[in-house]
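In: Kindly return the folded structure for what I paste below:
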Amino acid sequence: MTSKGPYVIGVDGGTESLRAGVFDLKGEPLAFAATPYRTEFPHPGWAEQNPKDWWAAIGSSVRQAVQEAGVSPQEVCALCVDTTSCSVVALDASGEPLRPALIWMDVRSSQEAGDVVASGDPALKINGGGAGPVSAEWMLPKALWLQRNDAETFARAAHICEYQDYLNLHLTGRLVASVNNVSIRWHYLARDGGYQAGLLEKLGLGTLLDKWPNEVLPLGAVIGGLTDKAADHLGLPAGLPVAQGGADAFIGMIGLGVVRPGSLAFITGSSHLQLGLAEAAFHGKGIWGTYADGLLPGLHLVEGGQVSSGSVVKWFRDLLGVSYDVLNEEARALPPGSEGLIVQDHFQGNRTPHTDPLSRGGLAGLTLRHGRGHIFRAIIEGIAFGSELILEGMRGHGFEAKNVVIAGGATRSDLWLQIHADVSNLPLGLTKVPDAPSLGSAILAAVAAGHYPDIATAADAMVTVERVVEPNREAHEAYRPYYEAYKRAYPALTSVTQPLTALNQG
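Out: Numbers count the residues shown, from 1 in each chain. Below you'll find the model as predicted:
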């Protein structure tokens, strides 16, 4: 090991596990450790976790990571936590959970989400410019569901907050909220009064204001020092500064160096996220946001997303029982457009720009010539077309991504990377440390410890772009007619797929 202390710890509380990483102040990771926890699915659409499992996991992961890094706990100067969002917890006055948490993927509150939109409140401008919808994943639908369906818990709860807030409370003894979480999932408007009391009153949720954290902190602010109990649990010194974190994917933006206007984080996996930073506010149909000061002061955060992306690729691979290497080799030999195939990537509905949960996947243009390589390539191209449609919508509102950094599952396939670059005609940067959320949290910890004056300076020092995938102009031109066909597929298929979806949901 060549790096020298001090060190920072970035903690990433994910869906399946909590992962801790030890980093030096140049962003080099020394060690990672992860502790899994269970998710229960009591009913269709429900997804619950025990918050006490999160607390056990942070102790286990931090201790193991520090041990494997071979550093002294006294060499650690700060830590920061990012978590899934919106994962809602109800706590008693001592901070103990009153029931299992409704984690981000829990969508039991679909009816309540519709009721939020029906309120017509001006705060809904961040949901498609007021057109909606509001996702059942968000805070207000989940809180409204608790009030209606678990009234006793709602009434007893001294605090209703997030996974993020629960961990920080037990680390420091302070209950505070992250400007990131509340801006992106709580309808908090930093420049328009903060918490929207009028919206809460319209929904009959006025008492929620007394249950939410009173103080909202910016990213990288010091919440407080580790309590004696927390220090003993984590094996770190009491009083160690704990920095304010936020939602995992958004903190991943910082870990990718996306900290200036015009830059965009392209986070890929089972689903895709397109997260950009703009100088000016804008709202409109087909996008989520913008969220003022939701990541960095003075900037506006815009969000797009695809529900199904890597999950479709995996579905096809599993269906055939063939390796990715074989499918990539066959697909690579084919021209742009897969010799006339178009795939609509809405296998689990569409998040943006159509925001249509009833839309479904489609495959058009099949002939007897087409084989598995054609379909595999067409799936990847369809996902890339879906991403470009989101970027096109952002451009229509004045935001054009000039610097794009990509992370996640798609980076393991050179073919997939090149198709994304060619379809959108954008160079894609890949960073040295692929674990962007953990690094993002480590960057915030370094700022909190005083080693950097601000987040952008810290990201410049701690994030390294190792290579850039350049677009092929000829391939981009070849994709144009296929992209236009992709855009026509949604209205053409809607009349076919939506009745069938409704029939099979019934």
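
In: who touches the helix or strand where Ala459 lies?
Out: Per DSSP states H and E: Ala459 is located in helix 455-462. If you take CB atoms under 8 Å, 6 or more residues apart in numbering as the criterion, helix 455-462 is touched by 23, 25-27, 219-220, 254-255, 257, 259-260, 296, 439, 442-444, 446-447, 451-452. For glycine as for every other residue, the C-beta is placed from the backbone atoms N, C-alpha and C.

In: go again using 10 Å as the cut-off
Out: Residues external to helix 455-462 that are found in contact with it (CB atoms under 10 Å, 6 or more residues apart in numbering): 8, 23-28, 218-220, 253-260, 295-297, 299, 433, 439-440, 442-448, 451-452, 454.

In: what's around the residue nearest to Gly398 when sequence neighbours are not counted, how many residues?
Out: Leaving aside its sequence neighbours, Gly398 sits nearest to Phe282 (CB to CB, 6 or more residues apart in numbering; 5.8 Å). Close neighbours of Phe282, defined as other CB atoms under 10 Å, add up to 16.

In: Would you agree Phe282 is in contact with Tyr291?
Out: No: with contact defined as CB atoms under 10 Å, Phe282 does not count as touching Tyr291 (11.3 Å).

In: Please identify every residue contacting each of these two.
Out: What both Phe282 and Tyr291 touch, as defined by CB under 10 Å, 6+ apart, is the set 300, 302.

In: how far away is Thr367 from Val343?
Out: 15 Å (CB to CB, to the nearest Å).

In: Between the two, tell me which one has more neighbours.
Out: Between Thr367 and Val343, Val343 has the larger neighbour count (other CB under 10 Å), namely 27 against 9.

In: Just the pLDDT at the closest residue to Pro36 other than its chain neighbours, thanks.
Out: If the residues on either side of it in the chain are set aside, Pro36 comes closest to Ser17, at 4.3 Å by CB to CB, 6+ apart. Looking at Ser17, its pLDDT reads 93.

In: just checking, Ser17 touches Thr83?
Out: No: using CB under 10 Å as the test, Ser17 is too far from Thr83 to be in contact (11.8 Å).

In: more neighbours, those two?
Out: Shown here are Ser17 and Thr83; by other CB under 10 Å, Thr83 has more neighbours (31 against 14).

In: Tell me what that one is bridged to.
Out: Gly13, Ala247 (DSSP bridges).

In: surely it meets Ala57?
Out: No: counting by CB under 10 Å, Ala57 is not a contact partner of Thr83; they are 11.1 Å apart.

In: residues shared between the contacts of those two?
Out: 11, 13-14, 18, 167.

In: excluding its backbone neighbours, what's nearest Gln147?
Out: Phe154 (4.6 Å).

In: Give me the residue at the spatial middle of this structure.
Out: Ala249 (3.2 Å; CA atoms, centre = their mean).

In: Now the biggest helix by length in the chain: buried residues?
Out: Selection of the longest helix in the chain by residue count, based on DSSP state H, yields helix 473-505. Buried residues in helix 473-505, counted by 16 or more other CB atoms under 10 Å: 475-476, 479, 482-483, 485-486, 489-490, 493-494, 497, 501.

In: In contact with the residue nearest to Gly398, which residues?
Out: 129, 289-290, 300, 302, 394, 396-399.

In: so which pair among these is furthest apart in space?
Out: His300 and Gly396 (15.8 Å; CB to CB).

In: who has more neighbours, the two?
Out: His300 (23 against 15).

In: Bridged to that one, which residues?
Out: In beta-bridge terms (that is, DSSP bridges), His300 pairs with Ala278, Ala292.

In: and if you look at Ala31?
Out: Val22.

In: That one reaches Asp24, doesn't it?
Out: No: assessed by CB under 10 Å, Ala31 is found out of contact with Asp24, at 11.2 Å.

In: neighbour-wise, which of the two wins?
Out: Asp24 (22 against 17).

In: In terms of secondary structure, what does the helix or strand where Val8 lies contact?
Out: Val8 belongs to strand 7-13 when elements are defined using DSSP H and E. Judged by 3 or more CB pairs under 10 Å, 6 or more residues apart in numbering; DSSP states H and E, the packing partners of strand 7-13 are strand 17-24, strand 29-36, helix 51-69, strand 76-83, helix 163-172, strand 241-243, helix 248-255, helix 436-448.

In: for the record, mean pLDDT for the next helix or strand after the fourth one?
Out: Okay, so that is strand 76-83. For strand 76-83, the following helix or strand on the C-terminal side (DSSP H and E) is strand 88-91. What strand 88-91 shows for mean pLDDT is 98.

In: what helices or strands is strand 88-91 leaning on?
Out: For strand 88-91, the packing partners by 3+ CB pairs under 10 Å, 6+ apart are helix 51-69, strand 101-102, helix 139-149, helix 151-156, strand 159-162, helix 163-172.

In: give me the low-pLDDT residue ranges for the protein?
Out: Residues of the chain that meet the criterion pLDDT under 70 lie in 1-3, 505-506.

In: Show me it divided up by domain.
Out: Following the assignment in automatic domain parsing, the chain carries domains at 91-159+175-217, 257-431+472-506.

In: Tell me the span between the first and last residue of the first one.
Out: Which is domain 91-159+175-217. 20 Å (CA to CA, to the nearest Å).

In: can you give me the offset of that domain from its chain's centre?
Out: 18 Å (CA atoms, centre = their mean, to the nearest Å).

In: what does the longest one give?
Out: Centroid separation for domain 257-431+472-506 versus its chain: 16 Å, with CA atoms, centre = their mean.

In: Give me the outermost residue of this structure relative to its centroid.
Out: Leu368 (40.1 Å).

In: Now do the same contact list for the closest residue to Ala475 other than its chain neighbours.
Out: Among residues not flanking Ala475 along the chain, Asp422 sits closest, at 4.0 Å (CB to CB, 6+ apart). Contact partners of Asp422, counting by CB under 10 Å, 6+ apart, are 336, 381, 384, 469-479.

In: For Leu189, state which of the residues you listed is nearest.
Out: Ala384 (33.7 Å).

In: quick one on the thing from earlier: list buried residues within the contacts of helix 455-462.
Out: The buried subset of the contacts of helix 455-462 - by 16+ other CB under 10 Å - is 8, 23-25, 27-28, 218-220, 253-259, 295-296, 299, 433, 439-440, 442-448, 451-452.

In: could you say which helix or strand contains Asp325?
Out: Per DSSP H and E: helix 324-332 holds Asp325.

In: Fine, thanks again, bye for now.
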